[in-house]
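Undergrad: Provided below are the primary sequence and the corresponding predicted coordinates.
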Amino acid sequence: MTFGQRVTLVRREKKLTQAQLGVAIGTTGDMVGKYERDAIKPSIEVAAKIAEVLECTLDYLIRDIQNDEEKERSVSPVLAAYLSKLEKLPAQDRDHVLAVIDAFAAKMKIQSIME
């Protein structure tokens, strides 16, 4: 997946238009469109701003994942943003969130057995 394809994917997940992303990074929607089409590459500073606005890592946007093992270990940028927020919670709150996730996982497991 190219830089432009990843920007498009994350921008859409965030429900942002090209114009909104452009304003947030100090450029235009047309320029964002060129980045997304891989017609031009942004400077490292602009790429970093894009990653910041999209709440993902610059590494995610620029890295070309080659093998399946790396794909399995990769986390979507949206999930990565939530994990970052989760790490900043007080331990007790984090434990509560993880307990809820465990409960949903158990529910899914039970449902799959029942089907």
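TA: The structure has been received and is ready for your questions.

Undergrad: hey, let's count contacts and neighbours off CA atoms from now on
TA: OK.

Undergrad: mind listing the helices for the protein?
TA: Applying DSSP state H to the chain gives helices spanning 3-13, 18-25, 29-36, 44-53, 58-62, 68-73, 77-88, 91-114.

Undergrad: and residue 82, how many neighbours?
TA: 12 (other CA atoms under 10 Å).

Undergrad: likewise residue 54?
TA: Quick note: residue 54 (other CA under 10 Å) scores 22 neighbours.

Undergrad: so what pLDDT did it get?
TA: pLDDT for residue 54: 95.

Undergrad: residue ranges with poor pLDDT in the chain?
TA: Scanning the chain with the threshold set as pLDDT under 70 gives 64-74.

Undergrad: So for it, the centremost residue is which one?
TA: residue 77 (1.6 Å; CA atoms, centre = their mean).

Undergrad: how near is it to residue 85?
TA: Note on residue 77: its distance to residue 85, by CA to CA, to the nearest Å, is 12 Å.

Undergrad: picking up where we left off before, what residues does the residue nearest to the centre of the chain make contact with?
TA: Contacts for residue 77 (CA atoms under 8 Å, 6 or more residues apart in numbering) come out as 10, 55, 56, 57, 60.

Undergrad: please redo it, this time with the cut-off set to 10 Å
TA: 6, 9-10, 13-14, 51, 54-58, 60-61, 83 (CA atoms under 10 Å, 6 or more residues apart in numbering).
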